[in-house]
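In: Sequence and predicted structure are below.
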Amino acid sequence: MKINMTEWAKAVIDSKKVMAVPIMTHPGIEMIGRRVIDAVSDGEVHFNAVRALAGRYDTAAATVIMDLTVEAEAFGADIAFEPDEVPAVRGHMLNSADDIARLQVPSLSAGRVPAYLKANLLAARAITDRPVLAGCIGPFSLAGRLYDMSEIMILIYQNPEAAAMLLDKCTDFILKYCIALKKTGANGVVMAEPAAGLMSDDDCMRFSSVYVRRIVEAVQDDYFTVVLHNCGNTGQCTNAMTVTGAAAYHFGNKCDMEQVSRQVPPTALTMGNLDPVSLFKSATPGEMRRATTDLLRKMSNYPNFVISSGCDTPPHTPFANIDAFFEAVGEWNSKL
């Protein structure tokens, strides 16, 4: 559905109420009686999980699974699948500058890309009362999965030209993927770039943000928004994140939400950052409710704040905790 995302973001900022957009799909998989491996392999199962959650919770936007293996698999990376766990890249496929030079940018028919495009297409057609946010990986995080995360940190210093070549190829594919996601009718994309949080602000600017900005400038418009997610950022590279020009910034629980939000432009959304594991999955409902209320209180001076999980909520997150989160948000908004 055509939703003007510029107007949507302005409405979120202008509203007295705080909007909630937790990054979650796994609870929806469990709602429909399926397993993680079903959803990450079958676009229709994935869509049904997203639709089930949209029907149960009053989120300001619907989100798909944050799967950081889809693009790496398309390039040829070996992926480990377990029935009830998020897929993971197994080992790495590049070992040298020569390997990088030979690497081919894959087509959109590679791996599970078609299944994810199908999930977004079905979700965009069926969920019309709120935006549907697709998902993709960021360029530096993808490069790290292809070359090995430790090794690419060395590569950017020892052979920055080879690193730039790899990042160019990763960016070309992610851009192609985002264009296809946009064509499905999705209203935006959550770009997960957690590995960029391992770098200083200057290095993040050089090896992540300039590439992310290339994608943002190509796909973001009034009807398609980019949400840049970096749960690796502890606060040291927020400036580099914001120079990308993304319309929204999503932060993990490792940072101080108020501190990083000071660097986010007031016209952009700042989103986060309740711990998906220690709170959403492992806390009691009472602890979840208190943590939610505490964050809402802390962020009460930021009209552009959208409360969210700090990352994708994991499999087997108790519904009692998700309910407690939404109850706390509802109680807070009822007093405004």
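Out: Happy to help now that I have it.
In: Model confidence for the residue positioned nearest the centre of the chain, exactly?
Out: Of all residues in the chain, the one closest to the mean position by C-alpha atoms, centre = their mean is Val190, 3.8 Å from it. The score at Val190 is 98. That number is its pLDDT.
In: Skip the chain neighbours and tell me the closest residue to it.
Out: Once flanking residues are discounted, Val190 sits nearest to Val227: 4.5 Å by C-beta to C-beta, 6 or more residues apart in numbering. Where C-beta positions appear, they are placed from N, C-alpha and C, glycine not excepted.
In: name the helices or strands packed onto the helix or strand Val50 falls within?
Out: Using DSSP states H and E, Val50 maps to helix 43-56. Contacts defined by 3 or more C-beta pairs under 8 Å, 6 or more residues apart in numbering; DSSP states H and E place helix 43-56 against helix 26-31, helix 36-41, strand 62-63, helix 113-126.
In: Tell me which of these is the most buried.
Out: Among the helices and strands packed on helix 43-56, strand 62-63 has the highest mean neighbour count (mean count of other C-beta atoms under 10 Å), at a mean of 26.
In: what sits up against the helix or strand following that strand?
Out: Downstream of strand 62-63, the first helix or strand assigned by DSSP H and E is helix 70-75. Helix 70-75 is contacted from outside by 79, 89, 93, 103, 106, 108, 110-113, 116, 136-137, 142, 145-146, 170, 173-174, 177, using C-beta atoms under 8 Å, 6 or more residues apart in numbering.
In: what about 6 Å?
Out: Here helix 70-75 makes contact (C-beta atoms under 6 Å, 6 or more residues apart in numbering) with Ile79, Val89, Pro106, Ala110, Gly111, Arg112, Val113, Tyr116, Ile137, Leu142, Arg145, Leu146.
In: so is the closest residue to Ala124 other than its chain neighbours in a helix, a strand, or just coil?
Out: Closest residue in space to Ala124, ignoring its immediate chain neighbours: Gly185 at 3.3 Å, by C-beta to C-beta, 6+ apart. For Gly185, the assignment made with DSSP: H, G, I helix; E, B strand; the rest coil gives coil.
In: and Gly185, how many neighbours?
Out: Residues contacting Gly185 under the criterion other C-beta atoms under 10 Å number 20.
In: Roughly how far does it sit from Val132?
Out: Note on Gly185: its distance to Val132, by C-beta to C-beta, to the nearest Å, is 8 Å.
In: Common neighbours of the two, please.
Out: Common neighbours of Gly185 and Val132 are listed as Ala124 (criterion: C-beta under 6 Å, 6+ apart).
In: picking that back up, please settle this for me: is the residue nearest to the centre of the chain part of a strand?
Out: Yes: counting by three-state DSSP, Val190 is located in a strand.
In: circling back to that earlier point, next one: the helix holding Val50 to chain centre, how far?
Out: Its chain's C-alpha centre lies 17 Å from the corresponding centre of helix 43-56 when counted by C-alpha atoms, centre = their mean, to the nearest Å.
In: hmm, back to that, compare the helices and strands packed on helix 43-56 and give me the one nearest Leu269.
Out: Distance to Leu269, taken as C-beta to C-beta, is lowest for strand 62-63 among the helices and strands packed on helix 43-56, at 13.7 Å.
In: So in that sheet, which strands flank that closest one, and in what orientation?
Out: Here strand 62-63 has these sheet partners by DSSP bridges: strand 132-137 (parallel).
In: what angle sits between the strand it pairs with and strand 188-192?
Out: Going by axes from the mean of the first three to the mean of the last three C-alpha atoms, to 10 degrees, strand 132-137 is angled at 30 degrees with respect to strand 188-192.
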